[in-house]
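Participant: Need the 3D shape of this:
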Amino acid sequence: MRSIASIAALTLALAACSQENAPSEAISKAAKKVAEKVEGAEPPKLAEGPYAPRDECGDVAGATAFRAQLTDAVKARDADALLALAAPDIKLDYGGGSGKAELRKRLSDPAYALWDELDTLVTLGCAKSAEGGGITLPWYFAQDFGQLDVLNSIIVMGEDVPLREAADGSSPVVAPVSWDAVTVVGRFKPDAEFYQVKTRDGKIGFIAADKLRPIAGYRVLASSRDGKWSVTSLIAGD
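Facilitator: Here you go, the predicted structure:
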């Protein structure tokens, strides 16, 4: 973003070009008006909720350009572009799955749904890794969840998501939940439209499955090696 001073200077230059004989006082007023407008502008509103996406990686050298490349590859479903951003030894699971060849296989396997996972990941913010100068997507995965069991807990994705009395979209709302962690009551059911959950303040109800994402779901870990950024892990679980 340009500074107030540079915007004012630009305004003066443009005014001088287009109004060669304009009074200097009018030019000064125009520049001042632009500067005041920028100075009074409100910063972008961040999503509300304790685990709402945040971007903490803007000052990590090379990370912004890398994330842009990653997002472009995901949106285009370009396997070659994505593989070019992956480390040769990229970690894919905790059972020994790794490497670019295996990643290519999994990208084309509907059972993994990696493209869909990546579609979501690139929208969920970015955190600096605790060590090594790398980054973590999503942002919330690098946060402190206290005593919460992350393997049995999920993130409510969105603001004012209704926690309902029953597993029905027309059921009365117990409370709204915004970008927070909740615990699943009972077992996960892969095809369920609603999950019964318990909020951190003890409320129990049902939330639509498409608004929920496991805390320990897929995440991207990336870092710079010898000046080149790459994805070192695309992994789920803990």
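Participant: burial of Pro88, as a residue count?
Facilitator: If you count neighbours by other CB atoms under 10 Å, Pro88 ends up with 11. C-beta coordinates here come from the backbone N, C-alpha and C atoms, glycine included.
Participant: what sits against the spatially closest residue to it that is not a sequence neighbour?
Facilitator: Spatial nearest neighbour of Pro88, excluding adjacent residues (CB to CB, 6 or more residues apart in numbering): Lys100 at 6.3 Å. Counting by CB atoms under 8 Å, 6 or more residues apart in numbering, Lys100 makes contact with Leu83, Ala86, Pro88, Ile90.
Participant: for Asp89, same thing?
Facilitator: Contacts here follow CB under 8 Å, 6+ apart; on that basis Asp89 touches Ser98, Gly99, Thr232.
Participant: What ranges in this structure fall below the confidence cut-off?
Facilitator: Scanning the chain with the threshold set as pLDDT under 70 gives 1-45, 131-132.
Participant: Could you pull out the helices in it for me?
Facilitator: Applying DSSP state H to the chain gives helices spanning 4-18, 24-39, 63-75, 79-84, 100-107, 114-121.
Participant: which stretches of this structure form strands?
Facilitator: Along the chain, the segments classed as strands by DSSP state E run 86-91, 127-128, 135-137, 153-156, 161-164, 173-177, 181-184, 194-199, 204-208, 212-214, 219-225, 228-235.
Participant: Please point out which parts of the last one sit buried.
Facilitator: Residues of strand 228-235 classed as buried: Trp229, Ser230, Val231, Thr232, Ser233, Leu234, Ile235 (neighbour count, 16 or more other CB atoms under 10 Å).
Participant: other SSEs contacting that strand?
Facilitator: Judged by 3 or more CB pairs under 8 Å, 6 or more residues apart in numbering; DSSP states H and E, strand 228-235 is in contact with helix 63-75, strand 86-91, strand 219-225.
Participant: Tell me the gap between the last one and the middle of its chain.
Facilitator: The chain centre lies 15 Å from the centre of strand 219-225; the measure is CA atoms, centre = their mean, to the nearest Å.
Participant: residues in contact with it?
Facilitator: 61-63, 66, 70, 87, 118, 121, 129, 132-138, 141, 229-236.
Participant: which of those residues count as buried?
Facilitator: Applying 16+ other CB under 10 Å to the contacts of strand 219-225 flags 62-63, 66, 70, 87, 118, 121, 129, 134-138, 141, 229-235 as buried.
Participant: per the record, what domains does this protein have?
Facilitator: Taking automatic domain parsing as the domain assignment, the ranges for the chain are 4-39, 63-145+216-235, 150-214.
Participant: would you list the ones you listed in JSON lines and tack on distance to Cys57?
Facilitator: Shown next, in JSON lines, are the domains of the chain (distance: least, CB to CB, whole Å):
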{"stretch": "domain 4-39", "distance to Cys57": "25"}
{"stretch": "domain 63-145+216-235", "distance to Cys57": "4"}
{"stretch": "domain 150-214", "distance to Cys57": "19"}
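Participant: Just tell me which of the ones you listed ends up closest to Gly49.
Facilitator: domain 150-214 (2.5 Å; CB to CB).
Participant: Look up how far Val185 lies from the closest residue to Pro172 other than its chain neighbours.
Facilitator: Take Pro172 and drop its neighbours on the chain: the residue closest to it by CB to CB, 6+ apart is Glu165, 4.9 Å away. Between Glu165 and Val185 the distance, using CB to CB, to the nearest Å, works out to 13 Å.
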